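S.K.: dropping the sequence and predicted coords here.
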Amino acid sequence: MNRPIKKVAIFCFALFAALFLEGNWIQVVKASSYSAHADNYRNTIYNYQVDRGNIVVGSTDVASSKATSSKQMKYQRVYSNGEEYAPVTGYFSSNYGTSNLEELENTLLDGKDTRLATQNFLRKAEGKDQAGGSVVTTINAAAQDAAYNGLVSAIQNAGGVGTGAVAAINPKTGAILALSSVPSYDPNQLASSSASVQNSYATSLSNNSLQPELDQALNETYPPGSTFKIVTSATALTNGIGGQTITPTSTITNAPLTTLTLPQSTSTISNSGGETCQSNELEVAFAQSCNTVYGYVGMQVGESALTSMAESFGFNKTGPTVPMQASTSAFPASGLSQAQLAQSAIGQYNVTMTPLEGAMLASAVANGGVIEAPYLIAKELDTNGGVISSASPTQLYDPISSTVAGELGTMMQDVVTSGTATSLQNIGVSVAAKTGTAQRGTGQNSVAWMVAYAPANNPTVAVAVMVADNGVQNNDTFGNSLAGPIAASVIKAALGLS
């Protein structure tokens with residue numbers, strides 16, 4: 001072989017070697033990343049070839065797949081009561097991916113879960129499409145209806161501009177009974193077979209300043225206002241004040257009844273409407289939501305004790321995974337002035353919490369001082385409806401003793417019978433509660449809160465309701481009048497009361 005031919009042969013061999021290496025690099029090394037790439041339209045086609053599993057509430061499918069006549073997109077995702085259940089289901093979209101349970105349970109729902117391998121192998125042998133397993137939620141349909149409809153009605157009646165959320169859980173198990181957020185969105189629009197419909201709807205959502213896709217119950221925090229007095233009370237009952245034991249009937253000596261002058265500050269704390277508190281006895285001040293007494297209590301128990309108690313309830317800790325990740329509720333960092341400490345003790349300054357955390361506060365009292373980890377998935381089912389996993393209660397926090405929980409429970413019942421939560425009277429069951437009306441910045445109305453549990457003597461539902469509506473007159477934004485009726489409806493629905 002002459003020299004030029006030899007060079008050409010070597011060059012051609014090198015080209016073939018490079019082609020071989022590149023082919024193996026693409027098909028072997030990079031195959032998984034290319035397969036999973038968001039722009040790989042074959043994945044979209046594949047996803048719509050699968051008879052995706054259902055998301056279930058009770059015996060009703062709130063997310064399911066419907067067969068179509070299309071060869072590429074054989075199954076259409078359909079959501080029953082889409083806006084009501086969007087915070088639970090999320091969406092399954094060819095253009096915008098997945099969210100919430102559709103995302104976090106995707107492997108099971110689309111049939112790729114290894115636990116479904118045998119069933120889908122047999123389906124393929126029978127010439128059937130791949131199928132997914134189903135997810136059974138802990139949601140109580142009646143409680144969810146009451147939560148969603150109550151929020152929609154409250155905001156519409158108050159002007160129609162605002163946000164609201166409900167989180168309800170079984171304090172004995174942590175099972176989430178209701179998870180509602182308003183305004184919401186329709187996942188059917190994002191699951192449309194029409195890309196233009198999806199894009200148009202997604203644009204309208206992104207242009208909405210109220211952020212309908214944001215789960216207000218899990219992922220938005222608000223100042224808790226007087227509902228935080230549960231934590232301040234727990235601190236005083238647990239640690240005492242100035243070396244003295246504190247009980248619900250203790251008189252908080254020197255606590256002012258009309259105005260609390262804040263040290264090293266020109267600011268003061270007053271009571272709602274400038275009222276004078278009836279008494280500086282702890283349980284009376286709690287029932288009447290007396291800011292001046294509780295601001296004073298906050299300064300007396302001290303920053304360290306109040307911070308420690310808040311954190312034992314879950315503040316400043318990563319929010320629970322339900323399986324969606326909840327946002328972190330916050331108590332201010334160390335180094336508070338006495339004025340800031342007093343404001344924090346009544347749920348103002350830089351204290352913020354999610355509605356889920358509000359339900360957890362109530363649950364701790366209802367469950368003898370223990371907070372069970374909130375969870376949304378009761379069972380996972382295979383393609384034939386057989387159970388492949390079931391949830392079981394798991395303790396998350398134990399912030400207070402059973403004795404303190406009992407004392408707080410009595411105080412919270414007083415809030416209903418002789419205090420600020422009169423909207424929870426006469427609903428057919430005894431209720432323990434705490435109202436909250438939290439101030440926000442200039443130009444924003446207060447945030448209305450109600451946290452409660454029932455039946456008071458054997459609790460099976462704990463609920464937090466938050467309504468932040470800028471359409472109401474500021475003096476109408478009270479936890480009792482705005483959030484209370486929703487809490488009452490949710491409690492009645494969860495307990496099956498007429």
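M.R.: Yep, that arrived.
S.K.: from now on I want contacts and neighbour counts done on CA atoms only, so please keep to that.
M.R.: Noted.
S.K.: skip the chain neighbours and tell me the closest residue to the residue nearest the centre of the chain.
M.R.: Nearest to the geometric centre of the chain sits L218, at 2.4 Å (C-alpha atoms, centre = their mean). Among residues not flanking L218 along the chain, A326 sits closest, at 4.7 Å (C-alpha to C-alpha, 6 or more residues apart in numbering).
S.K.: part of a helix, is the residue nearest to the centre of the chain?
M.R.: Yes - read with DSSP: H, G, I helix; E, B strand; the rest coil, L218 is one of the residues of a helix.
S.K.: separation between it and F92?
M.R.: 20 Å (C-alpha to C-alpha, to the nearest Å).
S.K.: over to E102?
M.R.: E102 is 6 Å from F92, by C-alpha to C-alpha.
S.K.: got the buried residues for stretch 449-458?
M.R.: Using 16 or more other C-alpha atoms under 10 Å as the test for burial, stretch 449-458 gives W449, M450, V451, A452, Y453, A454, P455, A456.
S.K.: elements contacting the longest helix that the chain contains?
M.R.: Longest helix in the chain, counting residues (DSSP state H): helix 3-24. Applying 3 or more C-alpha pairs under 8 Å, 6 or more residues apart in numbering; DSSP states H and E, we find helix 3-24 packed against no helix or strand.
S.K.: what are the ranges of the helices in the stretch 101-250 of the chain?
M.R.: 106-109, 117-125, 141-157, 187-190, 195-206, 216-219, 229-239 (DSSP state H, counting those that start in this stretch).
S.K.: what's the answer for the stretch 251-400 of the chain, then?
M.R.: Counting by DSSP H, counting those that start in this stretch, the helices of the stretch 251-400 of the chain are 282-287, 291-301, 303-313, 338-345, 355-366.
S.K.: what is the mean pLDDT for the longest one?
M.R.: Right, helix 355-366. Mean pLDDT, helix 355-366: 98.
S.K.: go on, the fourth one?
M.R.: With pLDDT averaged residue by residue, helix 338-345 scores 97.
S.K.: and the third one, by the same measure?
M.R.: Per-residue pLDDT values across helix 303-313 average out to 98.
S.K.: tell me the angle of that helix relative to helix 355-366?
M.R.: Relative orientation of helix 303-313 and helix 355-366, computed by axes from the mean of the first three to the mean of the last three C-alpha atoms, to 10 degrees: 100 degrees.
S.K.: what helices or strands is helix 303-313 leaning on?
M.R.: helix 229-239, helix 355-366.
S.K.: need the contact list for Q119.
M.R.: T383 (C-alpha atoms under 8 Å, 6 or more residues apart in numbering).
S.K.: need the residues that contact stretch 370-389.
M.R.: Taking C-alpha under 8 Å, 6+ apart as the rule, stretch 370-389 contacts 53, 115-116, 119, 131-139, 169, 171-176, 320-323, 360, 363-364, 390-391, 393-400.
S.K.: out of the residues you listed, which are buried?
M.R.: Applying 16+ other C-alpha under 10 Å to those flags 53, 116, 119, 131-139, 169, 171-176, 320, 322, 360, 363-364, 396-400 as buried.
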